[in-house]
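Participant: Have a look; sequence and predicted model below, questions after that.
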Amino acid sequence: MRTEVSQVRGSGERRREYTGRVRPTRGSRPRLDRAIDSRGSRLPDAALEGISVVELGEGVSAAYCARLFADYGADVVKVESPGVGDVTRCWGPFPGDTPHREKSGLFHFLNTNKRGVTLDVSAAAGRELLLRLLEEADVLIENKLPNQMRELGLDYATLEPVNQNLVVVSITPFGQTGPYSDWKGYDLNAFHLSGAGHRYCGLPDRAPLEHGTFSADFYGAAAGATWGLAATMGRERVGGGQHVDVSCAEAIATTFVGAHNIGAYAQNGAYEHRTGVGMRLSAPATILPCRDGYVWMLAIEPGQWKGLVEVIGNPEWAQVEMFEDMFVRGQNADLIYPLLEEWTLRHDKLEIMERCQAAGCPATAVATVAEAAEHPHLRERGYILEVEHPELGRTLSFAPPFKLPGSPAAAPTPAPLLGQHNALVYADRLGMHDAELTRLRADGIL
């Protein structure tokens, strides 16, 4: 996984002295939503309270990386192009399948807990305003190609003298270096270059298929948030900021291909091939149809298989001695699966899951999106959140995929409308007056 932290050029002596303390951010989000609990007790500060983040990018990777900072209290300002905004505003889902730049479900999910401004960074005046925002920022998260950042005069070599404590997190399909670094690419390009598509997606005798939505972007975003935060917290060790170089292709390669494929190939030239649904060496490990949908059935270990056999009523065929060995079951999967289907098709997926789990067999219902949104387990954990949006109304979103009990996440705020916080951010952080903002808006800068 390419989460390369660039070597710090020069010693701490040529950098501004770093005190090891996060500067308070002027105009940060109000803390009233987490200051006092229902019993009147003072709540702990969010884990990233006081960290200032500027997000400059399009699509998923930069936005989700910045959201992970925002969810735990960082003050994130999202910069979008005037009039148009982030491209994800044009991507669905939309209510009633009617496109609307303020009603994209994807944009709303990616950008909760942020403030939003518009700025044309390709114009000299817009670039100057961005540099002023970055002078006091702790982190810049961006996903433009390296040559685009150089053309804009916003590459790390240019930004370092502006703020030597700035951590720049760059998330791109192929990384900041190498022959493909300036190639255009999207999530699917990064995913398939990693070898993961050929290894996992589709049936073994067919062409590889597309994977699920934006996997490479989300994994790259998670890597960027992890190592971007590490670089932010480690500034006192190196005397200032660093450039965190994340390749989405390498994030996927590490996660999905990894040592058991690339490592094996390096050692003996062998690697695993696509199996479609299920596992090649053992069974049952597959998706089976049931009365109201599908269930993921896994019973390869002796105790799991014993539990499954008991649940399905100890049929005579399951008593055959050779089926006690998971590898023999794998060799005879074409015999076992139709026999299991005869049972699963008579039962509902939740019933199958609950009965199998009680017997020590880790079967799981295959939930639809609608079922997941109402799932009692996710609701009980506080993962499904209700957020009130000025255009969408009451909508559902997800909490962060981790919990910090000592510094819980803030109550969610909706994704910003396009340019919603222009006056607040530019006036409060940069001291600009209404007349200046009006002029810049007329010139197409804001």
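Facilitator: Received, thanks.

Participant: Just give me the neighbour total for the closest residue to Leu339 other than its chain neighbours.
Facilitator: Closest residue to Leu339 in three dimensions, ignoring its sequence neighbours and counting by C-beta to C-beta, 6 or more residues apart in numbering: Trp317, at 5.7 Å. Placement of C-beta: from N, CA and C, glycine included. Around Trp317 there are 11 other residues, counting by other C-beta atoms under 10 Å.

Participant: Show residues contacting stretch 296-315.
Facilitator: 279, 282-288, 318, 323-324, 326, 329, 339-340, 343-344, 355-356, 359-366 (C-beta atoms under 8 Å, 6 or more residues apart in numbering).

Participant: in the stretch 301-446 of the chain, which spans are helices?
Facilitator: Remark: helices assigned in the stretch 301-446 of the chain by DSSP state H, counting those that start in this stretch are 302-311, 326-331, 333-344, 349-358, 369-373, 376-380, 422-430, 434-442.

Participant: Just name the shakiest helix or strand of the chain by mean pLDDT.
Facilitator: Lowest on mean pLDDT, DSSP states H and E among the helices and strands of the chain sits helix 32-35, with a mean of 40.

Participant: Could you point out the helix or strand that follows that one?
Facilitator: Scanning forward in sequence from helix 32-35 by DSSP states H and E, the next helix or strand is strand 52-56.

Participant: what's next to that following strand, contact-wise?
Facilitator: Here strand 52-56 makes contact (C-beta under 8 Å, 6+ apart) with 23, 25, 28, 62-63, 65-66, 69-70, 74-79, 114, 121, 130, 133-134, 136-142, 144, 154.

Participant: Apply 7 Å and report the result again.
Facilitator: Residues outside strand 52-56 that contact it (C-beta atoms under 7 Å, 6 or more residues apart in numbering) are 25, 62-63, 66, 69, 74-79, 121, 133-134, 136-142.

Participant: before we move on, the earlier item: kindly reformat the helices of the stretch 301-446 of the chain as TSV and extend each row with mean neighbour count and mean pLDDT.
Facilitator: As requested, the helices of the stretch 301-446 of the chain are exported to TSV (neighbours: other C-beta atoms under 10 Å; pLDDT from 0 to 100):
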stretch	mean neighbour count	mean pLDDT
helix 302-311	18	96
helix 326-331	17	90
helix 333-344	15	94
helix 349-358	18	97
helix 369-373	11	89
helix 376-380	11	90
helix 422-430	18	94
helix 434-442	13	95
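
Participant: I'd like to know which of these is closest to Asp292.
Facilitator: Between Asp292 and those, the shortest gap by C-beta to C-beta is with helix 349-358, which sits at 5.9 Å.

Participant: doesn't Asp348 make contact with Cys290?
Facilitator: Yes - counting by C-beta atoms under 7 Å, Asp348 is a contact partner of Cys290 at 6.5 Å.

Participant: Tell me the helix or strand right after the helix ranked longest in the chain.
Facilitator: When the chain is parsed with DSSP state H, its longest helix is helix 215-233. Downstream of helix 215-233, the next assigned helix or strand under DSSP H and E is helix 235-238.

Participant: for that next one, packing partners?
Facilitator: Helix 235-238 sits against no helix or strand, with contacts defined as 3 or more C-beta pairs under 7 Å, 6 or more residues apart in numbering; DSSP states H and E.

Participant: List the buried residues in that helix.
Facilitator: The neighbour-count check on helix 235-238 (16 or more other C-beta atoms under 10 Å) flags Arg235, Val238 as buried.

Participant: Relative to the next helix or strand after that helix, what are the paired strands and their orientations?
Facilitator: Per DSSP H and E, helix 235-238 leads on to strand 243-247 as the next helix or strand towards the C-terminus. Strand 243-247 sits in its sheet next to strand 2-5 (antiparallel), strand 167-172 (parallel), going by DSSP bridges.

Participant: tell me the angle of strand 243-247 relative to helix 215-233?
Facilitator: Angle between the axes of strand 243-247 and helix 215-233 is 160 degrees (criterion: axes from the mean of the first three to the mean of the last three C-alpha atoms, to 10 degrees).

Participant: Send me strand 243-247 as PDB with only the CA atoms.
Facilitator: Backbone C-alpha positions of strand 243-247 (Å, rounded to 0.1, in the frame of the first residue of the first chain) are rendered in PDB as follows:
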ATOM      1  CA  HIS A 243       3.800  15.200   2.100                       C
ATOM      2  CA  VAL A 244       1.800  12.000   2.500                       C
ATOM      3  CA  ASP A 245       1.600  10.200  -0.900                       C
ATOM      4  CA  VAL A 246      -1.300   7.700  -1.200                       C
ATOM      5  CA  SER A 247      -1.800   5.500  -4.300                       C
END
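
Participant: Okay, now stretch 292-302: how far is its last residue from its first?
Facilitator: Using C-alpha to C-alpha, to the nearest Å, one end of stretch 292-302 lies 28 Å from the other.

Participant: For it, what is the distance to the chain centroid?
Facilitator: Computed by C-alpha atoms, centre = their mean, to the nearest Å, the chain-centroid distance of stretch 292-302 equals 28 Å.

Participant: again, but for stretch 384-394
Facilitator: Worked out by C-alpha atoms, centre = their mean, stretch 384-394 lies 20 Å from the chain centre.

Participant: neighbouring contacts of that stretch?
Facilitator: With C-beta under 7 Å, 6+ apart, stretch 384-394 has contacts from 95, 102-103, 108, 112, 373, 378, 395-399, 412, 414, 417.

Participant: Could you do stretch 417-433 as well?
Facilitator: 26-27, 77, 80, 85, 101-102, 115-118, 129, 132-133, 390, 437, 446.

Participant: Recalculate using a threshold of 8 Å.
Facilitator: Residues from elsewhere that reach stretch 417-433 (C-beta under 8 Å, 6+ apart): 26-27, 77, 80, 82-83, 85, 89, 101-102, 115-118, 129, 132-133, 136, 390-391, 434, 437, 441, 446.

Participant: Filter those residues down to the buried ones, PyMOL style.
Facilitator: A single PyMOL command selects the buried members of these (16+ other C-beta under 10 Å):
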select buried, resi 27+77+80+82+85+89+101+102+115+116+117+118+129+132+133+136+437+446
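
Participant: Out of the contacts of stretch 417-433, list just those in helices.
Facilitator: Leu129, Arg132, Leu133, Asp434, Leu437, Arg441.

Participant: ok, which pair from those residues is furthest apart?
Facilitator: Top of the distance list for the ones in helices among the contacts of stretch 417-433 (C-beta to C-beta): Leu133 and Asp434, 18.7 Å.

Participant: Settle this for me: Glu341 is touching Thr286, isn't it.
Facilitator: No - using C-beta atoms under 8 Å, Glu341 makes no contact with Thr286, being 10.1 Å away.

Participant: Report the set of residues contacting both of the two.
Facilitator: What both Glu341 and Thr286 touch, as defined by C-beta under 8 Å, 6+ apart, is an empty set.
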